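Chemist: this is a predicted model, with the sequence first.
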Amino acid sequence: MHLSESFTPRIIFAGLGFICVGYIVVALLMEHQLGLEPCPLCILQRLAVILCGCTAFLAAIHAPRQQGINIYRRVFILTALIGSAISIRHLWLQSLPAEKVPACGPGLDYLLDVFPLTEVLSMVLSGDGSCAEVTWSFIGLTIPGWTLIAFLLLIAIAHYTIESPPKQ
């Protein structure tokens, strides 16, 4: 039996939204309870999770017909794919040898105050030394590794449980 036969798309979207809320709660606990300061790429990954959650909750509240469901699903998956790409970039920076790690740059708040948003995104995606630092790991995976798994799970749930419009 297909999961979408048991749950309506509205319920699945609400569930995806609550999963995203859970991810953000974990990120905030790690920051405030464990004292882990998020780097700029971590903040972009959080933003992608928040956008996924907002898309899911909007879809759940709106409860569109089939074409709208497909649009929300595609926006959700696209946002999660962008978050996955940021996680992969972050993992790549963490895998660099020490001599190839970019120098640390200014904080995100300073960048947003001084530079236009497009330039800030370019600089943040380039990464810096703070993004390459491994401050926490669990079962051999760092935070961006777990975040990548989270994004892939969100994509799988959205792709395999929310029905596409029927073919005509």
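Modeler: Received, thanks.

Chemist: quick one: the longest helix belonging to the chain to chain centroid distance?
Modeler: Criterion DSSP state H: the longest helix present in the chain is helix 66-95. With C-alpha atoms, centre = their mean, to the nearest Å as the basis, helix 66-95 stands 7 Å off its chain's centre.

Chemist: how close does residue 34 sit to residue 148?
Modeler: 20 Å (C-beta to C-beta, to the nearest Å). Using the backbone N, CA and C atoms, a C-beta is placed for each residue, glycine as well.

Chemist: same thing with residue 49?
Modeler: Residue 49 is 12 Å from residue 148, by C-beta to C-beta.

Chemist: returning to what we had before: quick check: next helix or strand after the longest helix of the chain?
Modeler: Using DSSP states H and E, the helix or strand that follows helix 66-95 in sequence is helix 108-114.

Chemist: who touches whichever helix or strand comes after that following helix?
Modeler: Later in the chain than helix 108-114, the nearest helix or strand by DSSP H and E is helix 117-126. With contacts defined as C-beta atoms under 8 Å, 6 or more residues apart in numbering, helix 117-126 is touched by 40, 41, 44, 86, 89, 102, 105, 108, 111, 112, 115.

Chemist: go through helix 117-126 and flag the buried ones.
Modeler: 120, 123, 124 (16 or more other C-beta atoms under 10 Å).

Chemist: output the residues you listed in TSV; the columns should cover pLDDT and distance to residue 62.
Modeler: Below are these laid out as TSV (pLDDT from 0 to 100; distance: C-beta to C-beta, whole Å):
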residue	pLDDT	distance to residue 62
120	83	31
123	79	36
124	77	31
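
Chemist: just give the closest residue to residue 145, not the sequence neighbours.
Modeler: Excluding the flanking residues, the one nearest residue 145 by C-beta to C-beta, 6 or more residues apart in numbering is residue 91, at 6.0 Å.

Chemist: much appreciated, bye for now.
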